[in-house]
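A.B. asks: Could you work out the structure for the sequence below:
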Amino acid sequence: MTTSPLRGIEQHPDILALHAHSQIATSRPVAQAVEGLSVLTGLYLAASPWIVGFNGLPSLAVTNLICGVAFALLAAGFGPAYERTHGMSWAAMGIGVWTIIAPWVVAGHAATTRTIASNVTIGAVALCLALATAAMGRPERTDRPLRGRRP
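C.D. replies: Got it, this is the predicted structure:
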């Protein structure tokens, strides 16, 4: 009888270290705040055509609805499964950039000041939150010298 080489993979030291790092990264209050703000940002982006009042531009309204739901779902996945989803923060960054340029690309000349201001603001917030999420996945440096001490 042969044993599968994947049988004990969940006990591999690298997998255990990755899981421990993810647990530490998502248990911090800053990480929880970023996750909560990201979900709220996605929900606002989805509802923004009706909140700001540009639901008369159906193509931009549908774009914001789809992007907002996608951003909120990505953000909701970062908390419970961070070790598997932190790489998706690049997709969240793409949604943020798309939100910024969407009034000109999707609505064209029909874009109003309200649509542009709303999308640029919420897109910049989404981009910053996605960058913060990506930064949480970086390992902490422990080789930095302490301030005031000479090496």
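A.B. asks: give me the low-pLDDT residue ranges for the chain?
C.D. replies: Applying pLDDT under 70 to the chain picks out residues 1-29, 79-86, 137-151.
A.B. asks: Where is the longest helix in it?
C.D. replies: Of all the segments of type helix in the chain, defined by DSSP state H, the longest one is helix 113-136.
A.B. asks: Pull out the buried residues from it.
C.D. replies: Buried residues in helix 113-136, counted by 16 or more other Cβ atoms under 10 Å: 115-116, 118-119, 122-123, 125-130, 132-134, 136. Where you see a C-beta, it was placed from the backbone N, CA and C, and this is true even at glycine.
A.B. asks: For these, which two are the farthest from each other?
C.D. replies: 115 and 136 (31.7 Å; Cβ to Cβ).
A.B. asks: Residue 98 is in contact with residue 127, correct?
C.D. replies: No. Counting by Cβ atoms under 8 Å, residue 127 stays clear of residue 98, with 10.0 Å between them.
A.B. asks: For the two, list the residues in contact with both.
C.D. replies: Shared contacts of residue 127 and residue 98 (Cβ atoms under 8 Å, 6 or more residues apart in numbering): none.
A.B. asks: Quick one: residues contacting the closest residue to residue 112 other than its chain neighbours.
C.D. replies: Spatial nearest neighbour of residue 112, excluding adjacent residues (Cβ to Cβ, 6 or more residues apart in numbering): residue 54 at 6.6 Å. Counting by Cβ under 8 Å, 6+ apart, residue 54 touches 48, 60-61, 112, 114-115, 118.
A.B. asks: Name the surrounding residues that touch stretch 109-126.
C.D. replies: In contact with stretch 109-126 (Cβ under 8 Å, 6+ apart) are residues 37-38, 41-42, 44-45, 48, 52-54, 57, 60, 64, 71, 92, 95-104, 107.
A.B. asks: Generate a PyMOL selection restricted to the buried subset of these.
C.D. replies: Buried subset of the contacts of stretch 109-126, written as a PyMOL selection, criterion 16+ other Cβ under 10 Å:
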select buried, resi 37+38+41+42+44+45+48+52+54+57+60+64+71+92+95+96+98+99+100+102+103+107
